[in-house]
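A.B. asks: how would this look folded up:
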Amino acid sequence: MGIWEQMFNPDFNVTEYSNIKNESGDNGFVLSSKQWIERTNAIGIISKPGRYGGGTFAHSDIAFEFATWLSPEFKFLLILTRRSLKRILFTYNTFILSELCFLILSIN
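C.D. replies: Predicted coordinates:
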């Protein structure tokens, strides 16, 4: 989360993030999502109190990373899906380029 925040949050408190990383090695270390947000000015995680509509929500980049940590199967499926999309886009772009070349050559 700290890396994501450093990349996308200009107000992220890097000094406090370093303090949290140092503290996290202690056996009694506890940090709630609300504390994380307050101490670091994080924007990638939102924590809402309440029984209905409350909970902890994360930016999709952070949620995907967490899901891949939880489930190796999910990570593998994500890799396969990316590979398939890459292949589809390559095929589509190759087709478009060949059509453009045909159009350009047929103009003369």
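A.B. asks: how far does the strand or helix carrying residue 5 sit from the chain's center?
C.D. replies: In the assignment (DSSP states H and E), residue 5 maps to helix 2-8. Centroid separation for helix 2-8 versus its chain: 10 Å, with C-alpha atoms, centre = their mean, to the nearest Å.
A.B. asks: what's the model's confidence in it, averaged?
C.D. replies: The average pLDDT for helix 2-8 rounds to 96.
A.B. asks: by contact count, what packs against the helix or strand hosting residue 73?
C.D. replies: Assigned by DSSP H and E, residue 73 belongs to helix 72-107. Applying 3 or more C-beta pairs under 8 Å, 6 or more residues apart in numbering; DSSP states H and E, one finds that helix 72-107 makes contact with helix 60-70. All C-beta atoms are positioned from the backbone trio N, CA, C, and that covers glycine.
A.B. asks: who's in contact with the helix it packs on?
C.D. replies: The contact list for helix 60-70, computed with C-beta atoms under 8 Å, 6 or more residues apart in numbering, reads 1, 4, 44-45, 58, 74-75, 78.
A.B. asks: filter those to the buried ones?
C.D. replies: 1, 4, 44-45, 58 (16 or more other C-beta atoms under 10 Å).
A.B. asks: Now do the helix holding residue 5: which elements does it pack against?
C.D. replies: Other elements packing on helix 2-8 under the criterion 3+ C-beta pairs under 8 Å, 6+ apart are helix 14-23, helix 60-70.
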